[in-house]
Structure formats: structure tokens, C-alpha cells
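Q: coords below, sequence missing:
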């Protein structure tokens, strides 16, 4: 029952084709079952890298499709220079950065609350406006964790938003009720981070 | 020992300030300890959403800083239309998409291997070129998992790259040796996904 080398190779090719054929059928069936078309609420949380950068990657995709987009960054600081410099140039994008630093930088709770509330007012306006197809609320979870913005307001505004509008919310410590309300939730889990090995935050990567 | 409401509020403010002061000192000390400046190798893996979109977010940041960037997408398919449409317009960016579909779509192993190898040749050229400040190798892990590209080649090329060059590698199932070699690794863990609830892949989010 020995098979020639060429015969074995052909069989292996054939097996690969059959396996991939089955995989394709499985994936095609799953795709066929996913028929609902509507805006989704995406939450990126966890202590690892990639929560905000993933939000900005989706923003780039959305702009690539010609969607009307809005961004509110709830933490202004040194950690938001690259994306701001990049995205501000697009006229079809409404880009807001909260005016003040935040929490440990300002050390002034009343000023932080006022700034967070002002940022939330801009966000709430976007969430109520069907002209926005995609809204990124960057680091909103941090403002929620500090209770500078009421979770109930966020839940109500996202629930009542236009049906086709996508919303992406980022930041550590997403509240359970927000995870519950969301369609897609990712925990960015830190396996390792260059910063812990003594490497400075790098332009293009963190900055 | 009752305190007036105003007195309590002032004390609470004071406590917040002290807590944030300590937090700032802690963070400032950590930042001061991170003194190394060099290119980092970032790996985004796991079964959740955000691996590629985070890579494209870092690409946007890098372009925002005027860095010279290169992208190789190792999986061409319907899942890469938005970012391609968006990023292709930037002349300072060298953007390559592997010519063929992949694995379960083509069902032709030899063609897949040839396409993956051709894409790797482009990537290897970027990794050897100090003119590239930032290189995104999107879904390279999938090609590695299928053994269409040799892991040793990837480890050697990333280890020998210019000192200032950042590299971001995405895709499920990052090999252990690549995780070991990387500076920053995030596991994107799926908490939930809209697709599983019957919602189609949406433009700007997945597409």
C-alpha cells in the first residue's frame, strides 16, 4: 500500500482542498446566517494596548467608506498627539478633544468634572444626530469610572441613537451595564508591554 | 465631631487632590524610568476584534508624526476594503496587498504559498530598509500558522531590522517565539461579537 512521493503530494493537496472546502462552507453558512444590518455598539476595554488605536483604525475604515464621522477624546494629554495630527486634516470628520488635562494631571476634581461634562454634551449631540454614521468616544470609560459622567446618561443616549449609527467606546474598566448593552466587546489583555521594560512611549506606537 | 456639608466637600476635594498628587508622582516616576528610545516590535493576537484595526490606528498615528510607513496585508479579501480605500491615498505610505485570496477562499495551497512568499519578500525588503520608520504586517500570523512563511525568517528579519524601526504584526495564534521576541504583546480577547448575534459585518467596523 506504499504511495509514491508524487502520489502522496497529490493526496495531501487534495486533502487540503477538501478541508478548505469544508471550512469555506462553514464560514459561508455563518455569513449567510448573519443577516441583520444595523449600527453596532463596540466597546474596547482591558489593561492592554490597542483600545484607542483600534478605535482610530475603525475611524480610518469608516472614512474610507465615506461615512460621516465624529470623535470625542475624553482624555487630552501627551498620549494623543499622533492621531490628532493625522485625523484633524479631514474635513468630513468632526474632531473634539476635551479642553483640559485629566485626573492626575490637573488634580482639580471640579475642573475635571466640568470638562468631562462639556465633552459629554458634544458626544450626546452626535449620538442624537442621524448625520453621524460613526462616533468614536475615546477613553469615555475613564470618565465613567471617575463618575464624572453618569452611566445612565450614556446607556440612554446609545440606546436611543439612530439605527444605522456605529459607536465605539474605549478605555479601561468598562462598566458591566455598558458591556451588557454592547454588540461587540473586546478585552485587550496585556501579555507584555515595552514600557515595563524601560522603553519610552514611542511616536507612532503610543503617541 | 459633625462636619458641615461645605466642610465635608472641601475635605473630599482635598483628599482627591492628594490622591491624584500621589498618582501623578507614581506615574511620573515610572515615565522617568522608561528611558530607552528604540523601535518596538508589537504583536496583536487573540480571537477578539481589534488586532488589525489597532495596527491601522498606529499607522494613522505614525503618519500623523510624518513617519515613513509601509504596510503589507497578508490576507486580501472582503475584510480589508475600508482601510485600503482610506490609506491608499497617502503618497508617503507604501501599501501592498497580497494579490490573491487566501486559504479557504482559494482552496489552492500552492497558489497560497506562492502569494504568501511574494508578500513576505516585500515585507523583508521593508524590514531591511532604514527609510521605513513603521512597518505593519497585517495578518502575518495567519500565514505563519499555515507554515506558508518560515517563522525563522520572520524572527531573523525583525531582529536584524534598523534600530529605530517600529514593526506591528497582527493575526490570531501568534507563535510563542514571536511573542517572546516582541516588546509589546496584546491578546485581543473576545468578550462578545455582533456577528455571533446575527449581525452582518458592517462597513467601518469590520469592512
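A: Looks like it arrived, so ask away. Computed from a prediction, not measured in an experiment: that's the story for all the values here.
Q: Going by C-alpha atoms from here, please, whenever you check contacts or count neighbours.
A: Fine.
Q: Residue A:202 is in contact with residue B:34, isn't it?
A: No - under the criterion of Cα atoms under 8 Å, residue A:202 is not in contact with residue B:34, lying 10.8 Å apart.
Q: Tell me which helix or strand in chain A has the weakest average pLDDT.
A: None of the helices or strands of chain A scores lower by mean pLDDT, DSSP states H and E than helix A:5-33, at a mean of 77.
Q: Tell me which helix or strand comes right after it.
A: Following helix A:5-33 in sequence order, the next helix or strand is strand A:41-45 (DSSP states H and E).
Q: quick one: strands adjacent to that following strand?
A: Using DSSP bridges, strand A:41-45 pairs in its sheet with strand A:166-170 (parallel), strand A:184-192 (parallel).
Q: Tell me which of these sits most buried.
A: strand A:166-170 (a mean of 26; mean count of other Cα atoms under 10 Å in any protein chain shown).
Q: dump the residue contacts of the residue nearest the centre of chain A.
A: For chain A, the residue nearest the mean C-alpha position is residue A:55 (3.2 Å; Cα atoms, centre = their mean). Residue A:55 makes contacts with A:44, A:136, A:138, A:168, A:169, A:170, B:53, B:54, B:57, as judged by Cα atoms under 8 Å, 6 or more residues apart in numbering or on different chains.
Q: sorry, back to before: which among the strands paired with strand A:41-45 is found nearest to residue B:19?
A: With distances scored as Cα to Cα, the stretch of these nearest to residue B:19 is strand A:166-170 (24.2 Å).
Q: just checking, residue A:147 is part of a strand?
A: No - read with DSSP: H, G, I helix; E, B strand; the rest coil, residue A:147 is coil and lies in no strand.
Q: follow-up on the earlier one: if you count neighbours, what's buried in the least confident helix or strand of chain A?
A: Buried residues in helix A:5-33, counting neighbours by 16 or more other Cα atoms under 10 Å in any protein chain shown, are found at A:13, A:16, A:17, A:20, A:21, A:23, A:24, A:31.
Q: Mind putting these into JSON lines with distance to residue A:67?
A: Listed next are the buried residues of helix A:5-33 as JSON lines, based on distance: Cα to Cα, whole Å:
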{"residue": "A:13", "distance to residue A:67": "43"}
{"residue": "A:16", "distance to residue A:67": "40"}
{"residue": "A:17", "distance to residue A:67": "39"}
{"residue": "A:20", "distance to residue A:67": "35"}
{"residue": "A:21", "distance to residue A:67": "35"}
{"residue": "A:23", "distance to residue A:67": "33"}
{"residue": "A:24", "distance to residue A:67": "30"}
{"residue": "A:31", "distance to residue A:67": "23"}
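Q: filter those by proximity to chain B?
A: Within the set of the buried residues of helix A:5-33, contact with chain B (Cα under 8 Å from any Cα of the partner chain) is found for A:13, A:16, A:17, A:20, A:21, A:23, A:24, A:31.
Q: any idea which of the residues you listed is closest to residue A:119?
A: residue A:31 (37.8 Å).
Q: and that closest one, what is it in contact with?
A: Residues near residue A:31 by Cα under 8 Å, 6+ apart: residue B:200.
Q: which regions of chain A lie under the pLDDT threshold?
A: A:1-10, A:76-80, A:99-107 (pLDDT under 70).
Q: May I see the domains of it written out as residue ranges?
A: Annotated domains of chain A cover A:1-35, A:39-197 [automatic domain parsing].
Q: and among these, the most buried is which?
A: Burial of these is given as mean neighbour count (mean count of other Cα under 10 Å); domain A:39-197 ranks first at a mean of 20.
Q: among the strands paired with strand A:41-45, which is nearest residue B:88?
A: Of the strands paired with strand A:41-45, the one closest to residue B:88 (Cα to Cα) turns out to be strand A:166-170, at 23.5 Å.
Q: still on that earlier bit, can you list the contacts of residue A:55 in TSV and add distance to residue A:86?
A: Shown next, in TSV, are those (distance: Cα to Cα, whole Å):
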residue	distance to residue A:86
A:44	21
A:136	15
A:138	16
A:168	19
A:169	20
A:170	19
B:53	16
B:54	15
B:57	10
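Q: Which of those sits closest to residue A:97?
A: Of those, the one sitting nearest to residue A:97 (Cα to Cα) turns out to be residue A:138, at 9.5 Å.
Q: TSV for the domains of chain A, including distance to residue B:153?
A: Converted to TSV, those look like this (distance: least, Cα to Cα, whole Å):
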stretch	distance to residue B:153
domain A:1-35	24
domain A:39-197	23
